[in-house]
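In: here you go, sequence then predicted model.
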Amino acid sequence: MVRTQIQLDEEQYEAVRRLAHRQRLSLAAAIRKLIDEALHGKRPRRARGARALLGVAGVGSSGLGDLGRRHDHYLAEEGKGSR
């Protein structure tokens with residue numbers, strides 16, 4: 001990334017700030033997204049390999065909504081069954 005500095009008028013700043021908040025992005029990410037859309041149409045550019053990564057998203061889904069909190073419990077259960 002290249003660091004740069006820009007000046008926005010109050011209206012531009014507030015509009016970008018609201019957009020960033022709605023999309024749960026940082027202000028910098030929202031500005032980069034707007035620039036990509038302006039330069040490349042509505043299709044933001046993606047880093048190389050991003051499509052492949054998106055294609056495998058969710059492949060390892062456990063279906064357990066509490067796995068992040070209770071992973072030790074599930075690992076202990078699996079250990080009991082494999083003996």
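Out: Everything's here; your move.
In: centroid-nearest residue for the chain?
Out: L25 (8.4 Å; Cα atoms, centre = their mean).
In: so it sits right up against R18, yeah?
Out: No. L25 lies out of contact with R18 (Cβ atoms under 8 Å); the separation is 11.2 Å. No exception for glycine: its C-beta is placed from N, CA and C like everyone else's.
In: L19: neighbouring residues, count only.
Out: Here the count is done by other Cβ atoms under 10 Å, and L19 has 15 residues near it.
In: downstream neighbour of whichever strand or helix holds it in the secondary structure list?
Out: Assessed by DSSP states H and E, L19 sits inside helix 10-22. Counting by DSSP H and E, the element after helix 10-22 in chain order, helix or strand, is helix 27-40.
In: check the gap between T4 and R18 for me.
Out: Computed with Cβ to Cβ, to the nearest Å, the distance linking T4 and R18 is 22 Å.
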